[in-house]
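[1] I'd like to go over a predicted model; first the sequence, then the structure.
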There are 2 protein chains.
Amino acid sequence: MARAAGVSVASVSRVLNGQPATPEMADKVRRAAEELSYVPDSRARSLKVGRTFQLTLAVADVGNPVYVTMMRAVESVVAAAGYRLVVTTTGPDVVDEVALVRGMARGYADGLVISPLRVDDDLIKSIRECEVPVVVAGSVPASAGVDTVRANSPKGMTLAVGHLKQAGRKRIAFVNGPADTVPGEARARGFAEAMKKFGLTPAGTVEAADFTFAAGRAAGPKLLKHTWPDAIVCANDLLAVALMHVLAERGLKVPDDVAVIGMDDSELAEQSFPPLTSVNLGSAERGRRAAELLLARIEDATRAPRRIVVQPTLSVRRSTP
Amino acid sequence: MARAAGVSVASVSRVLNGQPATPEMADKVRRAAEELSYVPDSRARSLKVGRTFQLTLAVADVGNPVYVTMMRAVESVVAAAGYRLVVTTTGPDVVDEVALVRGMARGYADGLVISPLRVDDDLIKSIRECEVPVVVAGSVPASAGVDTVRANSPKGMTLAVGHLKQAGRKRIAFVNGPADTVPGEARARGFAEAMKKFGLTPAGTVEAADFTFAAGRAAGPKLLKHTWPDAIVCANDLLAVALMHVLAERGLKVPDDVAVIGMDDSELAEQSFPPLTSVNLGSAERGRRAAELLLARIEDATRAPRRIVVQPTLSVRRSTP
DNA sequence: TTGTACGCGTTATCAG
DNA sequence: CTGATAACGCGTACAA
């Protein structure tokens, strides 16, 4: 390429990176690059500059629409900054998450946004020791000293239960995902607190095997075997939609017989029938903020860790009165 | 690292790549690697071996559940072969697709699976000239001479219309996405052919602005202004679910008053209410086959281009009688 | 402003 | 079987 343009390799590099050069030099280089449809090799560039201009987003399950929302948000922020996004699915096991974080040391990406389902000391340790910046989209202890952006589940639960109480519902049940996960634990605590705050007693609780539609289908009958709720709060939209299916099969009308509320306010909420009232935990904003935090830390590795909390809102649709 | 183990860099490389070495040598190297938690830098490795062990999947819209299915399938195949997957969203414009394909020359990935919404000569040209192997998940002319795995939309439409006719429905309408897209064109043609084959006349057709839920919500009323169908075939699941919303708003029962059929048989089909009868165009299998084709071509660049067609099946659920 | 020369960390080659 | 060394293609001091 350099000799095709009749100049030095250094000049090619300078022109293509927008550094000062005489117009005629720039012209010669661009002309030759166009001619040969030459583009700098990103592998060599990565080795030299120590950056890949790639970022990784790790989520547990791409089939969960909340991660689609988050992915969109992260993608738009990092793309605007000139980065590609590598989306990785970790699955539910924390060991896989730890392996992923450790693997970042290979240097195939310049940073990581991870939304872990389960967190243990190993994971926190691997994040702290990671070669590249890591931002956690989820809850980790403040003592971990890592950048974090998380939702406010308890407040979200307050919104949900308050809305139901105002509608006159009193026998409120709760469908959670696994309580040994970070979101599962937060939602369980939040639900209990919210019920207490409003002077209500839970009409029943069930724990689905995971946060999927199938798990919700299985958990619904278990819940309804022992209780006759007039409202059900679900830990996410997939579970809520699954519960509406179970209720329909039993001839129960939503929202007249039983009101249903989901969490995440994902695209599924407006697509479901009836459209699902859902607590918006700010997944798009969390994704955006997490990406911004990551970019900022890449710029300046010494800045103090930030912990951002995104506040929830309630999107009222037709599954509640 | 080499001097930490007291051996040469070459030996480190050999041991870590599983090449023959004396047990004691292997031991020294592994011990030191463990100690320093050393992992080979993938940037340098990429530069040297000319491979990144990364593949790219380009889709139009990550919010479309059919791409989630495809993504899962591609991911599992390439991961098993030791590759990472980079998911890129191209949007609806062909120029962005062309830019993406051209950009592959930078060498940040070893191959590309692209599912283009619109195809023109520029795109085909860029694919043929691409530095790295490209597999198209979709339809391109055989003359293009590229690896392809596509669905059989006409046959899928025959399945859909045949199912409706057998149920006694005669006033069948069609909701398509943009007809200037590859899937839009294929489905329009397929629907027309299928109707003719069964001796039926279309009860109306409307073209949504794109393949999204919102576009379906907007297109539904337009269709129903001029016609009173007893069945509606939709070009994908998102449009079908949107149509069911529109029908419900007008007090029309699905499937008693109007039957609805979607295409893609995505996760949304079983999550919708009523569960959506949908033509399974084999998105998972298409993803799997496309990934396999790509891996095979990376192994052997000289093999003849293959054109795979995946056959559809019908998943009957509750939105049809 | 432009060119020359070096080094990034790894793998492949070749001599020992 | 091991060690020394030459690339891979780029960015960048430094010299001109």
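    Yep, that arrived.
[2] Can you name the residues of chain A that neighbour DNA strand C?
    When proximity is defined by Cβ under 7 Å from any atom of the strand, chain A lies next to DNA strand C at A:7-11, A:14, A:20-22, A:24-25, A:47-48. (Each C-beta comes from the backbone N, C-alpha and C, glycine too.)
[3] Which two among these are spaced furthest apart?
    With Cβ to Cβ as the measure, no two of the residues of chain A next to DNA strand C lie farther apart than A:Glu24 and A:Leu47, at 31.4 Å.
[4] So which of those two has more stuff around it?
    Using other Cβ atoms under 10 Å in any protein chain shown as the criterion, A:Glu24 and A:Leu47 rank with A:Leu47 on top: 20 against 8.
[5] how far away is that one from A:Arg14?
    Using Cβ to Cβ, to the nearest Å, A:Leu47 is found at 19 Å from A:Arg14.
[6] got it, and A:Leu281?
    Counting by Cβ to Cβ, the gap from A:Leu281 to A:Arg14 is 48 Å.
[7] residues from chain A in reach of DNA strand D?
    Contact residues, chain A versus DNA strand D (Cβ under 7 Å from any atom of the strand): A:1, A:9-10, A:12-14, A:16-17, A:40-41, A:44-45, A:47-49.
[8] May I have the helix or strand of chain A with the lowest mean pLDDT as CSV, with CA atoms only?
    One helix or strand of chain A scores below all others by mean pLDDT, DSSP states H and E: helix A:2-5, with a mean of 81. The C-alpha coordinates for helix A:2-5 follow below in CSV (Å, rounded to 0.1, in the frame of the first residue of the first chain):
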residue,chain,number,x,y,z
ALA,A,2,2.7,2.4,1.0
ARG,A,3,4.7,1.8,-2.2
ALA,A,4,1.5,1.8,-4.3
ALA,A,5,1.0,5.4,-3.2
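[9] Let me know whether the following helix or strand past it sits next to chain B.
    Downstream of helix A:2-5, the first helix or strand assigned by DSSP states H and E is helix A:9-16. No - using Cβ under 8 Å from any Cβ of the partner chain, helix A:9-16 never reaches chain B; the gap is at least 11.8 Å.
[10] ok so A:Val175 is a strand residue?
    Yes - under DSSP: H, G, I helix; E, B strand; the rest coil, A:Val175 sits within a strand.
[11] Buried among the residues of chain A next to DNA strand D? Make that a ChimeraX selection.
    Buried subset of those, written as a ChimeraX selection, criterion 16 or more other Cβ atoms under 10 Å in any protein chain shown:
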select /A:1,12,14,16,40,41,45,47
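[12] Need the nearest residue in space to A:Leu252, chain neighbours excluded.
    A:Val258 (5.3 Å; Cβ to Cβ, 6 or more residues apart in numbering or on different chains).
[13] ok, that neighbour - contacts?
    By Cβ atoms under 8 Å, 6 or more residues apart in numbering or on different chains, the residues touching A:Val258 are A:229-232, A:247, A:252.
[14] do you know how far it is from chain B?
    Separation of A:Val258 from chain B (Cβ to the nearest Cβ, to the nearest Å): 14 Å.
[15] Give me the phi and psi angles of that residue.
    phi -140, psi 130 (degrees, to the nearest 10).
[16] and the gap between it and A:Lys222?
    Distance from A:Val258 to A:Lys222, counting by Cβ to Cβ: 16 Å.
[17] what's A:Gly184 in contact with, if anything?
    If you count contacts by Cβ under 8 Å, 6+ apart, A:Gly184 has them with A:176-178, A:207, A:235.
[18] mind redoing it with 6 Å?
    If you count contacts by Cβ atoms under 6 Å, 6 or more residues apart in numbering or on different chains, A:Gly184 has them with A:176-178.
[19] min pLDDT across the residues of chain A next to DNA strand C, which one?
    pLDDT across the residues of chain A next to DNA strand C is lowest for A:Pro20, at 84.
[20] Which of the contacts of A:Val258 fall in strands?
    With strands taken from DSSP state E, the overlap with those comprises A:231-232.
[21] which among the contacts of A:Val258 end up buried?
    Among the contacts of A:Val258, those classed as buried by 16+ other Cβ under 10 Å are A:229-232, A:247, A:252.
[22] Which stretches in the stretch 151-300 of chain A count as strands?
    In the stretch 151-300 of chain A, the strands defined using DSSP state E, counting those that start in this stretch lie at A:172-176, A:205-207, A:231-234, A:259-263, A:277-280.
[23] Go through the ones you listed and pick out the most buried.
    Among these, ranked by average contacts under mean count of other Cβ atoms under 10 Å in any protein chain shown, first place goes to strand A:231-234 (a mean of 31).
[24] quick one: contacts of it?
    Outside strand A:231-234, the residues within contact range by Cβ under 6 Å, 6+ apart are A:160, A:164, A:169, A:172-175, A:240, A:243, A:259-262.
[25] Between these, which sits nearest DNA strand C?
    Nearest to DNA strand C among the contacts of strand A:231-234, counting by Cβ to the nearest atom of the strand, is A:Gly262 at 46.7 Å.
[26] so what's that closest one bridging to?
    Following DSSP bridges, A:Gly262 is listed with bridge partners A:Ser278.
[27] Quick check, pLDDT for it.
    Per-residue confidence at A:Gly262 stands at 98 (pLDDT).
[28] swap in A:Val29?
    Note on A:Val29: pLDDT of 92.
[29] did I read that right, it in a helix?
    Yes - A:Val29 forms part of a helix when assessed by three-state DSSP.
[30] so it touches A:Asn17, yeah?
    No - applying Cβ atoms under 6 Å, one finds A:Val29 not in contact with A:Asn17, separated by 10.9 Å.
[31] Ramachandran coordinates for A:Arg169?
    Backbone dihedrals for A:Arg169, given as degrees, to the nearest 10, come out at phi -80, psi 140.
[32] what sits against it?
    Applying Cβ under 6 Å, 6+ apart to A:Arg169 gives the contacts A:230-231, A:259.
[33] element containing A:Leu55, please.
    For A:Leu55, the host element (DSSP H and E) is strand A:54-59.
[34] next SSE after that strand?
    helix A:65-80.
[35] got the angle between that following helix and strand A:54-59?
    For helix A:65-80 against strand A:54-59, the angle by axes from the mean of the first three to the mean of the last three Cα atoms, to 10 degrees is 170 degrees.
[36] Could you tell me which residues within helix A:65-80 count as buried?
    Applying a neighbour-count criterion of 16+ other Cβ under 10 Å, one finds A:65-75, A:77-78 buried in helix A:65-80.
[37] Chain B next: which of the residues you listed are close?
    Contacts with chain B within the buried residues of helix A:65-80, counted by Cβ under 6 Å from any Cβ of the partner chain: A:Val68.
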